[in-house]
Structures are given as structure tokens and as C-alpha cells.
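A.B. asks: Structure here, sequence nowhere to be found:
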């Protein structure tokens, strides 16, 4: 029993296709606004804008935009050092200056940068007084930026600034009885529910 002509042609096609895919190089163009890395096994090569040859079966290329980026920060409900409840939000402006750190050393860098910037904002607010935040605005802006620069360097970014977009006194209410109300109020509420 022999091999059919159709099967033979298909086998030849597969061999030729496999040989061509393993022997040809691909051309990758990296835009002027991007930088990237080429990973071949355990080797990592940084790629600047331009054309790059690479082997699609043995290597992978990852790119990212390195232009100035703006990251809005969600509002947080915090307490200042003098006990005032405030709602704060911010905006982070940064550039990626180390593509290796951004793409290789960190997983999901953009999400991590957002979280760490919110943490930097939080650290400045909870160690400041409410009036200081309103009166010494320029000093606090500089303090916010320095705090973000210290925390975000490990992600391969250069922070241009971190600024407040929202800073307002806020009254916190415990709608879900999570423990922020005093125990007498909670006890009275549970007694009413029992009746």
C-alpha cells in the first residue's frame, strides 16, 4: 500500500513551509515614538527606532511607547495628620527612560506605576496637615513629585510631576457597618433590628 499523490504533495508542501519559516528572517519596524527589546533565549537586546531583522521562531520582540504619558489617579478617601477626612485625586506625568526595566524586570508596569503613584500621593497626604496642604501648595507639589520619583524609579520611568487634581474635605459615612462607627451606635442599631 503506497502513499497517495495528494498526501505526497501535502508532505512536500509542509517540509518546504517549515524550512522557509525557519530559514527566513522577518523585518520589524520600530516607530520613532517607541523602543523595544528582542529576546532570544536568555539574551535581551535593546532596540531603538528603525528597522530590525529577527528570527520569528527563535526570538520575540516587545515594544512600548516611550513618549510622555499621563496617568490619572483615582480619588482616595484619606485622613490628614491633624485628623481631617479628605478626598484626594491626582495626575502623574512620566516618561519611560529604561525600556529594559519597564518590559523585562516588571510585570504589568503601567498598573504598578499607577498603584505606586497613588501610594506616593497617600504618603504625603497622611503626613501633612490640612491647612499646610492648602497654604503651602508649591512646596507640597514638589514634595509629591519627589515622593513619586523615589518610588517609581524601579519601574524604569522618569517622573516629571505628580499633582493633586482633587483635594477636598469629606465626611466619611459607614454605610456597610465596617467598624468605623463607634460600638454604641452599632449596638443600638442591632437592638432595633432584633425588635
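C.D. replies: All right, it came through fine. Note that the coordinates shown come from a computational prediction; the quantities given were computed from them, not determined experimentally.

A.B. asks: which SS state does the residue positioned nearest the centre of the chain fall under?
C.D. replies: The chain has residue 110 as the residue nearest its centroid, 1.8 Å off, counting by CA atoms, centre = their mean. Following DSSP: H, G, I helix; E, B strand; the rest coil, we place residue 110 in the helix state.

A.B. asks: what does the model give it for pLDDT?
C.D. replies: Note on residue 110: pLDDT of 91.

A.B. asks: Report how many residues lie close to the nearest residue in space to it that is not next to it in sequence.
C.D. replies: Distance criterion CB to CB, 6 or more residues apart in numbering; nearest residue to residue 110, sequence neighbours excluded, is residue 71 at 7.7 Å. The way it works is simple: take the backbone N, C-alpha and C, and place the C-beta from them, glycine included. Neighbourhood size, residue 71 [other CB atoms under 10 Å]: 16.

A.B. asks: now swap in residue 118 and tell me
C.D. replies: Counted with other CB under 10 Å, residue 118 comes out at 21.

A.B. asks: Could you list the domains of this structure?
C.D. replies: 5-65, 69-169 (automatic domain parsing).

A.B. asks: any idea which of those is most buried?
C.D. replies: Of all these, domain 69-169 has the most neighbours on average by mean count of other CB atoms under 10 Å, namely a mean of 17.

A.B. asks: and that domain, how far from the chain's centre?
C.D. replies: In this view, domain 69-169 has its centroid 13 Å away from the chain centroid, taken as CA atoms, centre = their mean, to the nearest Å.

A.B. asks: which residues sit in contact with the residue nearest to residue 110?
C.D. replies: 91-94, 110, 113-114, 117 (CB atoms under 8 Å, 6 or more residues apart in numbering).

A.B. asks: do that again at 10 Å, thanks
C.D. replies: 90-94, 110, 113-114, 117-118, 157, 162 (CB atoms under 10 Å, 6 or more residues apart in numbering).

A.B. asks: With residue 125 instead?
C.D. replies: Contacts of residue 125 by CB under 10 Å, 6+ apart are 76, 78-81, 86, 88, 90, 133, 140, 144, 164, 167.

A.B. asks: One more: residue 134?
C.D. replies: 140, 167, 169.

A.B. asks: got a pLDDT number for the last one?
C.D. replies: If I follow you right, that is residue 169. 89.

A.B. asks: And it, how close does it get to residue 105?
C.D. replies: 40 Å (CB to CB, to the nearest Å).

A.B. asks: How about residue 137?
C.D. replies: Applying CB to CB to residue 137 and residue 105 gives a distance of 35 Å.

A.B. asks: Report the beta-bridge partners for the residue nearest to residue 110.
C.D. replies: Beta-bridge partners of residue 71, counted by DSSP bridges, are residue 92.

A.B. asks: Could I get the pLDDT score of it?
C.D. replies: So, for residue 71, pLDDT stands at 95.

A.B. asks: just residue 61 next, same as before
C.D. replies: 95.

A.B. asks: Check residue 149 too.
C.D. replies: 94.
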